[in-house]
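1. pasting the structure only:
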C-alpha cells in the first residue's frame, strides 16, 4: 500500500514570496491533516479536512495560509506572502476517518524562508 | 486545555541499556494516546497506540507503553536499546471526536556505543 506522498521535499524561498505544497493521501482515506513542525517543537495542526470539507482550521493563519482539497483526494497548502517564521517542516497526514483512528504521515516538506 | 508534556528534552543511553521516555497528558475525556518516532529528515512513524482495554500496549521495534490514568501518564519503554533507535520521539493525545493530534515537544534519544 502506498503511503502519504508529499512534494516538494525541500523548498527555499525569500520572504514575501509565495509557495505551495502538495499532498496525496493514502487511497480511501477520508480525513487529511496538515501539520506545521517548527524546529525543536512537536507538530501543530494547521487544518483538517473530512473529504473536501474543513473540520478544523482554527490554528491556520488565514491572512497568509490557505488550503484546499477540491475533489476530496489530494490537497494543496499555500503560503502567500511567506514570513521568516514560516520556516518549518510541513507534514501531511491521512486517516481512514475522523475520531478514534490512527493517522499516517508523509515525509514532509522542509521550508526555509530567507 | 488539552496538552502533552514530555519532561525530558534529551536522553542519552548506552546501547543494550533499558529506556523509559516519559509522557504526561491533560485531556478532559477518555484519551487516545500515541507514540511516534521521527528519524532525521523523515516523517512520523507510529510506534504504538492506546485506545482502550489492556493498559500495557505493545508496539513495533520492541517498544511498549503503559497507560496510567491515575497519573495521567503514558510512558514508553524498551528493555534493550539498539543504536538504530536514536531518533526523536513524540507522545500525542488524539481528540476523540476529530482525531486531531496534540503533540508533546519531543524527546531526542541518543544511543552511546
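-> Looks like it arrived, so ask away. Bear in mind the structure is a predicted one, so any value in this text is a computation, not a measurement.

2. going forward, measure contacts and count neighbours with C-alpha atoms only.
-> Will do.

3. show me which residues of chain A are close to chain B?
-> For chain A, the residues in contact with chain B (CA under 8 Å from any CA of the partner chain) are A:40-45, A:48, A:55, A:91, A:98-102, A:104-108.

4. mind checking which of these are buried?
-> The neighbour-count criterion (16 or more other CA atoms under 10 Å in any protein chain shown) marks A:42-45, A:48, A:55, A:91, A:98-102, A:104-108 among those as buried.

5. any buried residues in stretch B:73-93, and which?
-> Of the residues in stretch B:73-93, B:73-78, B:81-82, B:85-93 count as buried by neighbour count, 16+ other CA under 10 Å.

6. count of residues packed around residue 23?
-> Picking chain A for this. A total of 26 residues lie near residue A:23 under the criterion other CA atoms under 10 Å in any protein chain shown.

7. try chain B instead
-> For residue B:23, using other CA under 10 Å, the count is 25.

8. once you drop chain neighbours, what's closest to it?
-> What sits nearest to residue B:23 in space, not counting adjacent residues and going by CA to CA, 6 or more residues apart in numbering or on different chains, is residue B:6, at 4.8 Å.

9. how close does that neighbour get to chain A?
-> For residue B:6, the distance to chain A equals 10 Å [CA to the nearest CA, to the nearest Å].

10. can you show me the strands along the chain?
-> No chain specified, so I'll use chain A. Using DSSP state E, the strands assigned to chain A run over residues A:5-7, A:10-13, A:19-24, A:31-37, A:44-50, A:53-56, A:65-68, A:75-79, A:88-95, A:104-105, A:109-113.

11. actually, chain B is the one I wanted.
-> Using DSSP E, strands in chain B cover B:3-5, B:10-14, B:19-21, B:24-26, B:32-38, B:44-50, B:56-58, B:64-68, B:73-78, B:87-94, B:101-103, B:107-112.
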